[in-house]
Structure formats: C-alpha cells, structure tokens
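[1] predicted structure and sequence below. I'll ask about it afterward.
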Amino acid sequence: MASDERVTLVASEHEAWARKAAEMAVEILEHLPNAKIEHIGSTSVPGLPAKPVVDLAVGMAAGEIVLAGRELARLGFDLEGKRADHAWLSYPDRSARVFVIHIFEFQGEEWNKRLRFRDILLTNKRSREKYLAVKRAAAALADGWGEYTRAKSSVVSEILANDSFDRTC
C-alpha cells in the first residue's frame, strides 16, 4: 500500500480469516519446521472490523529470526524490514497485502506482547470497544499504514498496561 492510500476497515470475516491463517501456517511450517505460529491482530478477534489482511506471528529461536525472514523472502514473500529481533514480510507483496508475517523470538517480549494484546481483545469487551473506536478514527484520518499504526500505538500501550480489567466485561 502506498503511503498516500487510506486504510479501509471491513466487517469481520473471522471464519474466512482464521481459515486463511491456518492454511498459511501450514505453508510456512513446510519451510520453517521449528516455527511456532499464532494468528494475531484484529482478524484473529471474532466480530472485530479489520483491514482485510491476516497477521501471523512466527516464533523462532532468537538467532534464527533474520534467517527465517530471508528464507520466506526466497520463497516469494516480500521482506519489508528486518532487525535482529523482528523481521516482517507481506504476501503476496506490500502493494497487495493479504498477509503480514511477523517473525519474533518465540516467547520473547514482542511475541508475548502481541499474543497478550490479542487475548485481551478476545476476552475484554471494554478494551475491544476502546480499540475499535481508535481504529476507526485512525482509518478515517491516516494516510497509509504507517500513520494508521502510529495512531493506534498509544491505545495499544494503554490496554496492555491496564490488563487488570475484569475479564468478564
């Protein structure tokens, strides 16, 4: 997506997104058999409107993150960026994303944060509604994914910090 394109949220297609996530996980595991894979992001939360792009967290040993990113790039994934502790790729490419793959250290800080945030949204209605309101505002105002993601970052941090909410809300 070019930086001047708007982010569009669509109604939840959770079952289809979950199926796509499972199919892509199988494909990734064929090439990274030691990976642990989790469906994350808004498409992993039933009923939550989202960008129609499935996010996966791929957990690897710390020293294998960059190599795993290179292997997926060799297979046709679009390697958008990499650091020692995080590689991120699009499929089929960054201009027509259907998937975003994040490779983190399995059970490392970023892995745990992404899964914890997903689990909060799955179990806490108040946090889910707060996040959705910010997502909608960000999608309406942001030019491109970078701005959209930055516009949500403070509410994500707030929700993670206030993880003591009553889970029955």
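    Received it, and whenever you're ready, just let me know what you need.
[2] measure residue 127 to residue 140 for me?
    Per C-beta to C-beta, to the nearest Å, residue 127 is found 21 Å from residue 140. C-beta here means a position set from N, CA and C on the backbone, and glycine is covered the same way.
[3] over to residue 60?
    Distance from residue 60 to residue 140, by C-beta to C-beta: 36 Å.
[4] who has more neighbours, those two?
    Taking other C-beta atoms under 10 Å, residue 60 and residue 140 do not tie; residue 60 has more neighbours (22 against 12).
[5] quick one, phi/psi of the more buried one?
    Main-chain torsions, residue 60, degrees, to the nearest 10: phi -130, psi 170.
[6] ok, it touching residue 35?
    Yes - counting by C-beta atoms under 8 Å, residue 35 is a contact partner of residue 60 at 5.8 Å.
[7] shared neighbours of these two, anything?
    residue 68 (C-beta atoms under 8 Å, 6 or more residues apart in numbering).
[8] so the nearest residue to residue 107 once chain neighbours are set aside, which of the three states?
    Nearest residue to residue 107, sequence neighbours excluded (C-beta to C-beta, 6 or more residues apart in numbering): residue 59, at 6.8 Å. When classified by DSSP: H, G, I helix; E, B strand; the rest coil, residue 59 comes out as strand.
[9] how many other residues sit next to residue 59?
    Residue 59: 25 neighbours (other C-beta under 10 Å).
[10] residue ranges for the strands of the chain, please.
    Remark: strands assigned in the chain by DSSP state E are 36-40, 54-60, 78-83, 86-91, 99-105.
[11] what lies in contact with the second one?
    Going back to what we said before, that points to strand 54-60. Against strand 54-60 from outside (C-beta under 8 Å, 6+ apart): 17, 20-21, 24-25, 28, 32, 34-44, 68, 98-108, 111, 114-115.
[12] look at residue 134 and say how many residues are nearby.
    Quick note: residue 134 (other C-beta under 10 Å) scores 17 neighbours.
[13] how about it: what's its closest non-neighbour residue?
    Residue 134 sits nearest to residue 155 (C-beta to C-beta, 6+ apart), 4.4 Å away.
[14] hmm, residue 131 and the one you found touching each other?
    Yes - using C-beta under 8 Å, residue 155 makes contact with residue 131 at a distance of 5.9 Å.
[15] the two: which is more packed in?
    Neighbours were counted for residue 155 and for residue 131 using other C-beta under 10 Å; residue 131 has more, 22 against 18.
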